[in-house]
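Chemist: build me a model from this:
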Amino acid sequence: MARTLDREQRRVRGLERFAIDGALREYHDRYPAAKLAPVVALICAYEEADNIGDVLKAVPAEACGLPVSTLVVVDGGEDATAQISLDSGAMTCVFPTNLGHGVALQVGYRLAIDGGSRYVVTLDADGQNDPGELASMLEPLVADEADFVVASRRLGVDETSDEVRRAGVVVFAWLMNRLTGARLTDTSNGYRALKTEVLADVVDRLEQRQYQTAELLITAISRGWRVTERPTVWRPRASGSSKKGSNLFFGFRYGGVVLRTWLRERGGRIPQRAASS
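Modeler: Numbering: from 1, shown residues only. Coordinates of the predicted model:
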């Protein structure tokens, strides 16, 4: 049974690698000599044709005095998300099939590193994050006050009405703080800014195909990178429904990622930076 399971896992990973390699070949054929700006706004999107156009229009061309490139990784799907991204002028990498948000982020991280960027800001394609706040997210990195900045809807404004999700934000922040020693208020927010040297250090350790926010944050803290927060606005989705599933399903899966990542990383602290809140 174990041998069969292992063989099946190798088969799935092989198909995943085949899909990613094909997407990267197409990307490099489309942009054969392209260099990314010092700041990359990274958006991973799955069937967000109704929302991504307005998000892309709102991404600033410059932040903190630095040029911004927009990079979109389209995680498969059957709608017009990829075409809208291409038509907007954003650099676009298109998966032939849906591989998971975490996989799309990992590919985007590597493209940003290889493209020579210094900072990466990730934001959602559904309109919940305000691209106009990109400079605020970036400021602590440019000032070298932090290596990783997480957006906080609790320090800012939460315009959504799901009280269960709001309670979950509090619970998961408490859990992650207890496990890592951090003092953060919102540990499940996908709006974040990082130095590419942080990504270069942690990207090969990332395993999650879907819920990567907790894994990335715990891994960075455990390896000694400095983490801080900035208040932001958290909006309802512009349209459509969440791809994360029901509150119960999301909470169960997210909690599992937190615990598994902490168990994996707890013995591997590297004192290269002093983690802080």
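
Chemist: every contact and neighbour count from this point should use C-alpha atoms.
Modeler: Will do.

Chemist: return the distance of A167 relative to R235.
Modeler: 16 Å (C-alpha to C-alpha, to the nearest Å).

Chemist: over to M91?
Modeler: In terms of C-alpha to C-alpha, M91 sits 25 Å off from R235.

Chemist: how about V120?
Modeler: Distance of V120 to R235, computed by C-alpha to C-alpha: 21 Å.

Chemist: which of the two has more neighbours?
Modeler: V120 (28 against 17; other C-alpha atoms under 10 Å).

Chemist: give me the distance between the two termini of stretch 68-81.
Modeler: Taking C-alpha to C-alpha as the criterion, the two ends of stretch 68-81 lie 21 Å apart.

Chemist: buried ones in it?
Modeler: Buried residues in stretch 68-81, counted by 16 or more other C-alpha atoms under 10 Å: 68-77, 81.

Chemist: D29: how many residues sit nearby?
Modeler: D29 has 10 nearby residues by other C-alpha under 10 Å.

Chemist: and it, what element?
Modeler: Assigned by DSSP states H and E, D29 belongs to helix 2-30.

Chemist: how near is the closest residue to D50 other than its chain neighbours to G100?
Modeler: Among residues not flanking D50 along the chain, S239 sits closest, at 6.9 Å (C-alpha to C-alpha, 6 or more residues apart in numbering). S239 sits 20 Å away from G100, going by C-alpha to C-alpha.

Chemist: neighbour count winner among the two?
Modeler: Neighbours were tallied for S239 and for G100 using other C-alpha under 10 Å; the higher tally belongs to G100 (18 against 13).

Chemist: residues contacting the more buried one?
Modeler: G100 sits next to 75, 209-210 when contact means C-alpha atoms under 8 Å, 6 or more residues apart in numbering.

Chemist: which one of the residues you listed sits closest to F172?
Modeler: Of all the contacts of G100, Q210 has the smallest distance to F172: 16.8 Å, by C-alpha to C-alpha.

Chemist: A helix includes the closest one, no?
Modeler: No: using DSSP: H, G, I helix; E, B strand; the rest coil, the assignment for Q210 is coil, not a helix.

Chemist: how about the strands of the stretch 151-277 of the chain, start to end?
Modeler: 192-195, 227-234 (DSSP state E, counting those that start in this stretch).
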